[in-house]
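Student: Show me the folded form of this:
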Amino acid sequence: MMNFKPIYRKNCLFFLSLLVAFFCLGGTVGCLPAYAALDSWNETSTKQEIMDFVNKVIDDEIPVKDRIAVFDNDGTLWAERPHYFQEDFIKNRLPDVPTNKVSKLLKMTQKEIDKTGGHPISEEGKISLSEIPITLGLTTDEYDTLARSFLDNIHSDMASEDDGDFQRFDTEYINLTYKPVIELVNYLKENDFKVYICSGGGIYFVRSFSDEAYGIPTEEVIGSAIKTVYDDSNNTVVRQLGLAHYDDQEGKPVGIELFIGKRPLVAVGNSGGDFEMFKYTDSGVGNSLIVLINHDDCEREYEYNNVPGETDPITQEPLNESLDYAQTHANWIVASMKDDFKTIFESNPSRTPPMCN
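Tutor: Numbering: from 1, shown residues only. You can find the predicted model right below:
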């Protein structure tokens, strides 16, 4: 008969504590309270609804392969006022835009959109089209270097007469990312979601900084894409004259299908340009979550298109169709920058003069 030494309660507790510490330090999400990954969010119903949805995905054992989330970029992951950052890049770092060529591209693109009964080209789409003629012949690597280096410029140094009432920040463009939204990206990733960017902006512009700024790799970026061709003489990919894919409004679901091949469970955006992406996500089988970032904080960021039911005084079109729709759909959550975000930017940058008086 074999003799075993007695195992004492103290020894059991010691080894149990070591085991728990090992798994927690190893990054197991279950060892931390759910809110730990959303520290920049206030304790509001918005935060709780996000956590409840993610917990339900886990409890329902939704396969990891189906845990897809898509995020808009401008106005969702980083600021977009007074102008889209890509627009500032085009105006300040690229040669003058040949308006005749841009006009032709706009007409050609709108003609294709009209065939499907789509909306007029968005402002973001026009910006992507405007840079095509002036970046013709650049390799994708050359463009990537130009775009990323621009983001080290100070936002307020690029002030222009058409900024309107939007005051700029005294920090680099790359610093104007929304800390709570990036925490949401990481929170979803920690719970086995694969996170994509689905932007109306240029895919190559967003890819130049997405990994550094958001932790989202270039292969998980969807955007409006210029035509390219392989140059066998230099083994490079070169930009051409023409648009390969328009990724705003109706183009977003098309881009998602093209690049991902399945419907997301979560979609995060901020504007009417995301409306089709939201509806496409919401029409899938089972539960979905729509999160709309509402720009209602003029003290710390900006205030625009943040009131349900507002219309353009000239066209009478809704200023934010997504916000209007969210008022009557429970799973469309409106995240208020003013009420739901403890902080907006990591560095809390200054601006002169301040936005609100």
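
Student: mind checking how far Thr171 is from Asp114?
Tutor: 41 Å (C-beta to C-beta, to the nearest Å). In short, each C-beta sits where N, CA and C put it, glycine included.

Student: nope, Thr76 is what I was after
Tutor: 28 Å.

Student: more neighbours, those two?
Tutor: Thr76 (22 against 11; other C-beta atoms under 10 Å).

Student: Now for the residue lying closest to that one once chain neighbours are set aside, how many residues are close by?
Tutor: Once flanking residues are discounted, Thr76 sits nearest to Asn270: 4.9 Å by C-beta to C-beta, 6 or more residues apart in numbering. Counted with other C-beta under 10 Å, residues neighbouring Asn270 total 28.

Student: Roughly how far does Asn270 sit from Lys262?
Tutor: Counting by C-beta to C-beta - Asn270 and Lys262 are separated by 24 Å.

Student: Check Glu310 too.
Tutor: 34 Å.

Student: who's more crowded, those two?
Tutor: Neighbour count, other C-beta under 10 Å: between Glu310 and Lys262, Glu310 has more, with 14 against 11.

Student: Please give me every residue in contact with the residue lying closest to that one once chain neighbours are set aside.
Tutor: Closest residue in space to Glu310, ignoring its immediate chain neighbours: Leu319 at 4.4 Å, by C-beta to C-beta, 6+ apart. The neighbours of Leu319, taking C-beta atoms under 8 Å, 6 or more residues apart in numbering as the test, are 272, 305, 307, 310-312.

Student: again, only this time at 10 Å
Tutor: The contact partners of Leu319, taken as C-beta atoms under 10 Å, 6 or more residues apart in numbering, are 271-272, 304-313.

Student: Please apply the same query to Ile62.
Tutor: 56, 192-193, 265, 286-287.

Student: Check the secondary structure at it for me.
Tutor: coil (DSSP: H, G, I helix; E, B strand; the rest coil).

Student: Over to Ile121?
Tutor: Per three-state DSSP, Ile121 ends up coil.

Student: That one against Asp247, yeah?
Tutor: No. Counting by C-beta atoms under 10 Å, Ile121 sits too far from Asp247 to count as a contact (11.7 Å).

Student: what's the overlap in contacts for those two?
Tutor: Joint contacts of Ile121 and Asp247 (C-beta under 10 Å, 6+ apart) are 128, 200.

Student: More neighbours: these two, which one.
Tutor: Asp247 (29 against 21).

Student: is it true that that one touches Ile226?
Tutor: No. The criterion here is C-beta under 10 Å, and Asp247 misses it with Ile226 at 11.5 Å.

Student: which neighbours do those two share?
Tutor: 128, 202-203.

Student: is it true that Leu38 touches Glu49?
Tutor: No. Leu38 is beyond contact range of Glu49, at 11.7 Å (criterion: C-beta under 10 Å).

Student: Looking at these two, which has the bigger crowd around it?
Tutor: A count of neighbours by other C-beta under 10 Å puts Leu38 above the other of Leu38 and Glu49, at 19 against 16.

Student: Of the contacts of Leu319, select the buried ones using a PyMOL command.
Tutor: Selection of buried members from these for PyMOL, criterion 16 or more other C-beta atoms under 10 Å:
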select buried, resi 271+272+304+305+306
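
Student: can you redo the contacts of Leu319 as CSV with secondary structure, distance to Asp297 and pLDDT?
Tutor: Below are the contacts of Leu319 laid out as CSV (DSSP: H, G, I helix; E, B strand; the rest coil; distance: C-beta to C-beta, whole Å; pLDDT from 0 to 100):
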residue, secondary structure, distance to Asp297, pLDDT
Ser271, coil, 16, 97
Gly272, helix, 20, 96
Tyr304, coil, 11, 97
Asn305, coil, 13, 97
Asn306, coil, 9, 98
Val307, coil, 14, 98
Pro308, coil, 17, 98
Gly309, coil, 20, 97
Glu310, coil, 17, 97
Thr311, strand, 22, 97
Asp312, coil, 22, 94
Pro313, coil, 24, 94
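
Student: Report the spatially closest residue to Asn306, excluding sequence-adjacent ones.
Tutor: Asp296 (4.1 Å).

Student: now do Val195
Tutor: In space, Val195 is closest to Ala69, 4.8 Å off (C-beta to C-beta, 6+ apart).

Student: How about Ile58?
Tutor: Asn191 (6.4 Å).

Student: Show the backbone phi and psi for Gly269.
Tutor: Dihedral pair for Gly269: phi -160, psi -160, per degrees, to the nearest 10.

Student: before we move on, what about Asn186?
Tutor: Torsion angles, degrees, to the nearest 10, at Asn186: phi -70, psi -40.

Student: what about it, distance to Phe89?
Tutor: For Asn186 relative to Phe89 (C-beta to C-beta), the value is 27 Å.

Student: For these two, indicate the residue with more neighbours.
Tutor: Set Asn186 next to Phe89 and count neighbours by other C-beta under 10 Å: Phe89 wins out with 24 against 15.

Student: Distance check, Tyr325 against Asp340.
Tutor: On the measure of C-beta to C-beta, Tyr325 and Asp340 end up 19 Å apart.

Student: Between these two, point out the one with more neighbours.
Tutor: Asp340 (24 against 19).

Student: Is the more buried one in contact with Leu292, as I believe?
Tutor: No. Using C-beta under 10 Å as the test, Asp340 is too far from Leu292 to be in contact (11.2 Å).

Student: Strands of the stretch 101-250 of the chain, start to end?
Tutor: Using DSSP state E, counting those that start in this stretch, the strands assigned to the stretch 101-250 of the chain run over residues 194-202, 221-231, 236-245.
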